[in-house]
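Trainee: here is my input; please provide its structure:
(2 chains)
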2 protein chains.
Amino acid sequence: MDKYVVGVDIGGTTTKIGIVDRDGNILGQTVITSRYGADEAEKFMDAVVDTVSQLAEGKISLSQIVGYGVGGPCANYYSGTIDNPINLPWAQGRSVPIKEYIQNKTGVPLTITNDANAAAVGEMMYGAARGMKDFIMITLGTGVGSGIIINGQLVHGHDGYAGELGHTIIERHNGRPCGCGRSGCLDTYASATGVARTAREWLATGNYPDSPLNKLQEITSKDVYDAAMAGDKLSIEIFNFTGHLLGTAFADFVAFSAPEAIVLFGGLARAGDLLFKPIREALEKNVLFFWSNKVKLIHSSLKESDAAILGASALAW
Amino acid sequence: MDKYVVGVDIGGTTTKIGIVDRDGNILGQTVITSRYGADEAEKFMDAVVDTVSQLAEGKISLSQIVGYGVGGPCANYYSGTIDNPINLPWAQGRSVPIKEYIQNKTGVPLTITNDANAAAVGEMMYGAARGMKDFIMITLGTGVGSGIIINGQLVHGHDGYAGELGHTIIERHNGRPCGCGRSGCLDTYASATGVARTAREWLATGNYPDSPLNKLQEITSKDVYDAAMAGDKLSIEIFNFTGHLLGTAFADFVAFSAPEAIVLFGGLARAGDLLFKPIREALEKNVLFFWSNKVKLIHSSLKESDAAILGASALAW
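Mentor: Reported below is the predicted structural model:
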């Protein structure tokens, strides 16, 4: 009988759940809400397990499921818990033992890690990093996340929280305040929200009266992308600025683990050359000579809608 | 019959060679010159092997030697070569196949890596990091070197050159020119030569007429240390400045691999609290909240005279 694993991607609003085979084919998938209340962690976890039963029904037996892989915010690989993320009421101010609870309920082993780590493992098993043993996954979404693969293994570090490259400091002088309490984090510039923040800051100078972004009430990174593609100079400059900071940061990451590639994933990475070109330029300008023209810069090859589930499921194998 | 390995530490001026048992006891050690000429790489390697025979003579049989571990500048773990280091004439402008040559000559497997990596492995096997699986070794000598241990393994990266943390950029605005061709590298500030450079720069401002350092023709980091211990304000400020930069850099290293500890080794690390106190302060001030008061900052516990040989020999086991 074929074996399957469950991939669970816990987001701030919704949780994606899928049953996946060894080759990365998704047998079935669905989405449930993540919005459970402060005392409803058990309800949420029960809903995950029930959803798996429904997905399996009529297709496979539950005994064919040999593992759960879970990606989520503030998830700790060693303790198997989700620890006090800002965006999940049922885990706020506490540590929710997802691994223990679901393992006890299902009898199936569960592996959990943060979402960017899960994406890195997914990329290694099914995506653009297949066959690579050393690479860094950078997710450019609402925030900047990272998952580091060294010698074919995910880096968890001593406490399970390794790979917070969005919170390395890219600007040490008057850097932007970050939600983490410090200033100048890469996250504050190079995330989708960072790009929108740059747009608002630069528009406020009054130096770009002709930019179509002036007409928008709320600016998103997608607006900046659309305007750049339509030739707006401000928006093109914003992507150059953002890419330059990313490439500069990557040069230091390379000095750490000498990766074969840096893989970019997430909404902002879809900007393609608008972002990749300045990243590549800044990376080559700033990297130590050992690595000149050596480190590949590639786009994730996972279908974005499937990536979360595939990444999480890859943990389980 | 007991088994032994050979530890070889290739420095710019001398090469230390020792025979070491499993517990890190040095059966015998000696020093030969590293100053061989441009076409004398083979002569140098022959001298290493001959020296081992002399060290073994009358104590153990050569057949008891089961491995060579070599630490050296620009050494590559994968290729087994020393590649064009600035300070070794016999390897300049070429790649010297030390692994292949000595293995062929002795029939014994050889492992080579850069000196800071060797020190990290030595620290894990015999020193302050015994029992640790995740730590970063920082060597503060003529330059700033690093060896990164993740999950009990040395990080080599895709090409064998990982762990060049001395060449991450700590000052992005008008940083000091570095020998690597870029500016603002940690190495230019936090090495022994960086400390002396800070002293010269600050004295040149004329703001420290009372410092005893003014009387010296050439200033070394040891002079700055001695003056600081004697109460010289300038010298104490220099250690604060240097420690602050190191701690700030360490905060970003922690976001990468979440180490249990950062282990400091080398001449400058002997400055003790003069340096450790500002490092600790800057690390805690700059580290992401996950790691507040969690990362140990410790001094190498290897005897400095033995460390190079022990570190290199540890590679071989």
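
Trainee: is any part of the helix or strand that contains A:E123 close to chain B?
Mentor: Assigned by DSSP states H and E, A:E123 belongs to helix A:115-126. No. Shown here: helix A:115-126 not in contact with chain B (CB under 8 Å from any CB of the partner chain), separated by at least 11.8 Å. No exception for glycine: its C-beta is placed from N, CA and C like everyone else's.

Trainee: residue numbers of the stretch 151-300 of chain A in contact with chain B?
Mentor: Counting by CB under 8 Å from any CB, the stretch 151-300 of chain A sits next to chain B at A:151, A:153, A:155-165, A:167-169, A:171-173, A:180-182, A:248, A:251-253, A:255-260, A:286, A:288-291, A:294.

Trainee: show me these that map onto strands.
Mentor: Mapping those onto strands (DSSP state E) picks out A:Q153.

Trainee: now A:L275: how far from A:G266?
Mentor: Distance of A:L275 to A:G266, given as CB to CB, to the nearest Å: 11 Å.

Trainee: neighbour count winner among those two?
Mentor: Each of A:L275 and A:G266 has its neighbours counted (other CB atoms under 10 Å in any protein chain shown); A:L275 has more, 25 against 22.

Trainee: and the helices in the stretch 51-200 of chain A, which stretches?
Mentor: A:98-106, A:115-126, A:187-190, A:192-204 (DSSP state H, counting those that start in this stretch).

Trainee: which residues touch A:I82?
Mentor: A:I10, A:G72, A:P73, A:C74, A:A75, A:N76, A:L88, A:A91, A:S95, A:V96, A:I98, A:I112 (CB atoms under 8 Å, 6 or more residues apart in numbering or on different chains).

Trainee: isn't the fifth one right up against A:I112?
Mentor: Yes. A:A75 lies in contact with A:I112 (CB atoms under 8 Å); the separation is 4.7 Å.

Trainee: any residues in contact with both of these two?
Mentor: A:T81, A:I82, A:I98.

Trainee: can I get the residues you listed in TSV with pLDDT and distance to B:N240?
Mentor: As requested, these are exported to TSV (pLDDT from 0 to 100; distance: CB to CB, whole Å):
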residue	pLDDT	distance to B:N240
A:T81	96	39
A:I82	95	40
A:I98	97	45
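
Trainee: for ChimeraX, write a command that selects the buried ones of the residues of the stretch 151-300 of chain A next to chain B.
Mentor: Restricted to buried positions by 16 or more other CB atoms under 10 Å in any protein chain shown, the ChimeraX selection for those reads:
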select /A:151,155,156,157,158,159,160,161,162,163,164,165,167,168,169,171,180,182,248,251,252,253,255,256,257,258,259,260,286,288,290,291,294
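
Trainee: what about A:I26, neighbour count?
Mentor: 17.

Trainee: how about A:N87?
Mentor: Residues near A:N87, counting by other CB under 10 Å, number 15.

Trainee: ok, now which ones touch it?
Mentor: By CB under 8 Å, 6+ apart, the neighbours of A:N87 are A:G12, A:P73.

Trainee: for A:G194, see how far away it is.
Mentor: 18 Å.

Trainee: from the chain's centroid, how far away is the longest helix along chain A?
Mentor: The longest helix of chain A (DSSP state H) is helix A:233-257. Chain-centre distance of helix A:233-257: 17 Å, with CA atoms, centre = their mean, to the nearest Å.

Trainee: how big is the angle separating it from helix A:192-204?
Mentor: Helix A:233-257 and helix A:192-204 meet at an angle of 140 degrees, taking axes from the mean of the first three to the mean of the last three CA atoms, to 10 degrees as the criterion.

Trainee: can you pull the buried residues of helix A:233-257?
Mentor: A:234-257.

Trainee: list the helices and strands it packs on?
Mentor: strand A:135-140, helix A:187-190, helix A:192-204, helix A:221-229, strand A:261-265, helix A:273-286, helix B:233-257 (3 or more CB pairs under 8 Å, 6 or more residues apart in numbering or on different chains; DSSP states H and E).

Trainee: let's see 6 Å
Mentor: Applying 3 or more CB pairs under 6 Å, 6 or more residues apart in numbering or on different chains; DSSP states H and E, one finds that helix A:233-257 contacts helix A:187-190, helix A:192-204, helix A:221-229, helix A:273-286.
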